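Trainee: sequence? don't have it. structure:
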């Protein structure tokens, strides 16, 4: 099923405090919600001192994903997008959680970078606002991170993610569930220290209206409205009033505030401290409540992929290649040859997603040369593992980094899954393409054929015409070296003359 003919979409947001599932139908290119599920999983307080998710925190997440998975039964991969944020960015054992989590959910889960999260948040907020050219400041205080975005109209211009949030600050400064002037003071000072650089990036002269998205802002607005404050916004007076109420209660057990859910009480101290710090640092007088958020940005991305036939990742790859001075002509040449070889291996079942990733890897395979030509493949892999590229999940960038790292040299160094047939095919055709394009001109590949040995599914056979080695001795030498490299893996490559 393609995005063009799908009639429904679903977005799953694995946040540090809550997991959310939004389902809706598509009519005339617009998304209309039909169902919304939210569970307070609070994985953000399930990281131990070694930054591993505890077994209990993982189980809470898996149980929720199993319930979401049951609701998504019958959906196709093109109809569902699931992303995870700060807690799983931090968790050292995230691969363990994700392996079971994806099995429970029934769909891939992408761990996204902080800036990618910020881009999606802005996109989700902007789609719910009027189409004007006002300059917007958007703030989203999550469980373990806070995203701040500067944009104009629908376009995000400056995006940052800071490791400060309602769960993290509540655990650190209100761990005993007690509210005191000193704990609020310490929490605000600490938040300002983390957020200090935001002042130069998001100063008041750079935006017209400030918007607040998601949990902490919504919780504060709910309480203020229930107490008679104007709906839809937060002011400094409102924040002072709420802090006074928390101080009067002294602890979460005695906290009785209309509009505040029980699951929000344990983390309201941290969230309020971060919000007050942002008001003071950025000179905010009034914060408008925004209805859109991360999951709405995800849905907009999915809608856009179907309607515009464009992919933000293509632009990100082009920008990265240009930034690091990679030769676009040679990258296109390598990508063309790699895809031609991939097509030969998969004539009956070409996966367009694999083909696009091959194209991206070819465009980026030389970006490390900007640092040093020696071991440039290692530098390129490092760049991809440590960059923010809009539209990409961290897991996608890591797969690209493995292809860039593995496009030359020894294969044993790769910490890759050699049982992953699709990855091995990508890696092989990319390496062959780089070898065949060694002279940085279009190679003669009309008579070259690549296929799997019908008698040995782990052996690739490359067939060339009988005079090929004499005509192209350097290419023949490089192909022989490639055969030797694959001998040290569970796979093999043979070059035969026809």
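Mentor: All right, it came through fine. Note that the coordinates shown come from a computational prediction; the quantities given were computed from them, not determined experimentally.
Trainee: how about the strands in the stretch 251-400 of the chain?
Mentor: Under the criterion DSSP state E, counting those that start in this stretch, the stretch 251-400 of the chain contains strands at 286-289.
Trainee: Low-confidence stretches in it?
Mentor: 305-311, 350 (pLDDT under 70).
Trainee: can you pull the buried residues of the helix or strand where residue 147 lies?
Mentor: Counting by DSSP states H and E, the element that carries residue 147 is strand 146-152. By neighbour count with 16 or more other C-beta atoms under 10 Å, strand 146-152 contains the buried residues 146-151. Backbone N, C-alpha and C define where each C-beta goes, glycine included.
Trainee: For the nearest residue to residue 371 once chain neighbours are set aside, grab the count of nearby residues.
Mentor: In space, and not counting its chain neighbours, residue 371 is closest to residue 379: 4.2 Å by C-beta to C-beta, 6 or more residues apart in numbering. Under the neighbour criterion other C-beta atoms under 10 Å, residue 379 is assigned a count of 21.
Trainee: I'd say residue 379 and residue 364 touch.
Mentor: No: Residue 379 is beyond contact range of residue 364, at 11.6 Å (criterion: C-beta atoms under 8 Å).
Trainee: what about residue 218, how many neighbours?
Mentor: Neighbour tally, residue 218, other C-beta under 10 Å: 16.
Trainee: So it lies in a helix, does it not?
Mentor: Yes: counting by DSSP: H, G, I helix; E, B strand; the rest coil, residue 218 falls inside a helix.
Trainee: Who are the contact partners of it?
Mentor: By C-beta atoms under 8 Å, 6 or more residues apart in numbering, the residues touching residue 218 are residue 289.
Trainee: And it, how close does it get to residue 231?
Mentor: As judged by C-beta to C-beta, to the nearest Å, residue 218 and residue 231 stand 12 Å apart.
Trainee: next one: residue 450
Mentor: According to C-beta to C-beta, residue 450 and residue 231 sit 64 Å apart.
Trainee: Neighbour count for the two, which is higher?
Mentor: The residue with more neighbours, out of residue 450 and residue 231, is residue 450; 20 against 9, by other C-beta under 10 Å.
Trainee: which helices and strands does the one helix or strand that one maps to pack with?
Mentor: Residue 450 is part of strand 449-453, with elements assigned from DSSP H and E. Secondary-structure packing of strand 449-453 (3 or more C-beta pairs under 8 Å, 6 or more residues apart in numbering; DSSP states H and E): helix 328-345, strand 456-464.
Trainee: got the contact list for that strand?
Mentor: Against strand 449-453 from outside (C-beta under 8 Å, 6+ apart): 341, 344-345, 429, 432, 459-463, 494, 498.
Trainee: Turn the helices and strands packed on strand 449-453 into a markdown table, including mean neighbour count and distance to residue 209.
Mentor: Output for these, formatted as a markdown table (neighbours: other C-beta atoms under 10 Å; distance: least, C-beta to C-beta, whole Å):
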| stretch | mean neighbour count | distance to residue 209 |
| --- | --- | --- |
| helix 328-345 | 19 | 40 |
| strand 456-464 | 16 | 58 |
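Trainee: Reformat those into CSV and put distance to residue 297 next to each item.
Mentor: As requested, the helices and strands packed on strand 449-453 are arranged in CSV below (distance: least, C-beta to C-beta, whole Å):
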stretch, distance to residue 297
helix 328-345, 29
strand 456-464, 41
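Trainee: OK, contacts around the residue nearest the centre of the chain?
Mentor: Nearest to the mean C-alpha position of the chain, by C-alpha atoms, centre = their mean, lies residue 112 at 1.9 Å. Taking C-beta under 8 Å, 6+ apart, we find residue 112 in contact with 83-85, 120, 393-394.
Trainee: closest to residue 252 among these?
Mentor: residue 85 (24.8 Å; C-beta to C-beta).
Trainee: Surely that closest one and residue 17 touch.
Mentor: No: with contact defined as C-beta under 8 Å, residue 85 does not reach residue 17; the gap is 10.0 Å.
Trainee: On the pLDDT front, check residue 70 for me.
Mentor: The model reports residue 70 with a pLDDT of 97.
Trainee: Hmm, I typed the wrong one, I wanted residue 78.
Mentor: Looking at residue 78, its pLDDT stands at 89.
Trainee: Checking it next. Helix, strand or coil?
Mentor: Secondary structure assignment for residue 78 (three-state DSSP): helix.
Trainee: Also the one 5 residues further on?
Mentor: State at residue 83, reduced to three classes by three-state DSSP: strand.
Trainee: is it true that it touches residue 393?
Mentor: Yes: using C-beta under 8 Å, residue 83 is in contact with residue 393, at 6.9 Å.
Trainee: is it true that residue 263 touches residue 39?
Mentor: No: contact criterion C-beta under 8 Å: residue 263 and residue 39 do not qualify, at 9.7 Å.
Trainee: returning to what we had before: tell me the one of the contacts of strand 449-453 nearest residue 195?
Mentor: Closest to residue 195 out of the contacts of strand 449-453 is residue 429 (46.3 Å), distances taken as C-beta to C-beta.
Trainee: which ones are touching that closest one?
Mentor: With C-beta under 8 Å, 6+ apart, residue 429 has these contacts: 338-339, 341-342, 345, 358, 450.
Trainee: Kindly report the same for residue 202.
Mentor: Residue 202 sits in contact with 137, 148, 150, 158, 282, where contact means C-beta under 8 Å, 6+ apart.
Trainee: Look at it and report its pLDDT.
Mentor: If you check residue 202, the pLDDT there is 93.
Trainee: Next, the buried residues of the strand or helix carrying residue 58.
Mentor: Assigned by DSSP H and E, residue 58 belongs to helix 55-71. For helix 55-71, the neighbour count (16+ other C-beta under 10 Å) marks 57-58, 60-62, 64-65, 67-69 as buried.
Trainee: Name the surrounding residues that touch it.
Mentor: Contacts made with helix 55-71 from outside it, assessed by C-beta under 8 Å, 6+ apart, are listed as 12, 14, 19, 21, 23, 35, 37, 39, 41-43, 45-47, 53, 96-97, 100-101, 104-107.
Trainee: Torsion angles phi and psi at the spatially closest residue to residue 222 that is not a sequence neighbour?
Mentor: Of all residues not flanking residue 222 in the chain, residue 259 sits nearest, at 4.1 Å (C-beta to C-beta, 6+ apart). Dihedral angles of residue 259 (phi, psi; degrees, to the nearest 10) stand at phi 90, psi -10.
Trainee: Next: residue 142.
Mentor: Dihedral pair for residue 142: phi -100, psi -170, per degrees, to the nearest 10.
Trainee: Give me the subset of the contacts of helix 55-71 lying in helices.
Mentor: Counting by DSSP state H, these place 96-97, 100-101, 104-105 in helices.
Trainee: Need these in a markdown table (columns: neighbour count and pLDDT).
Mentor: Shown next, in a markdown table, are those (neighbours: other C-beta atoms under 10 Å; pLDDT from 0 to 100):
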| residue | neighbour count | pLDDT |
| --- | --- | --- |
| 96 | 13 | 96 |
| 97 | 25 | 97 |
| 100 | 15 | 97 |
| 101 | 23 | 97 |
| 104 | 18 | 97 |
| 105 | 25 | 97 |
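Trainee: The residues you listed into TSV, with extra columns for distance to residue 202?
Mentor: What follows is the ones in helices among the contacts of helix 55-71, written out as TSV (distance: C-beta to C-beta, whole Å):
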residue	distance to residue 202
96	37
97	33
100	39
101	34
104	39
105	35
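Trainee: quick check, nearest of these to residue 274?
Mentor: Residue 274 lies nearest to residue 97 out of the ones in helices among the contacts of helix 55-71, by C-beta to C-beta, at 25.8 Å.
Trainee: From residue 39, how far off is the closest one?
Mentor: Residue 97 is 16 Å from residue 39, where distance means C-beta to C-beta.
Trainee: likewise residue 49?
Mentor: In terms of C-beta to C-beta, residue 49 sits 26 Å off from residue 39.
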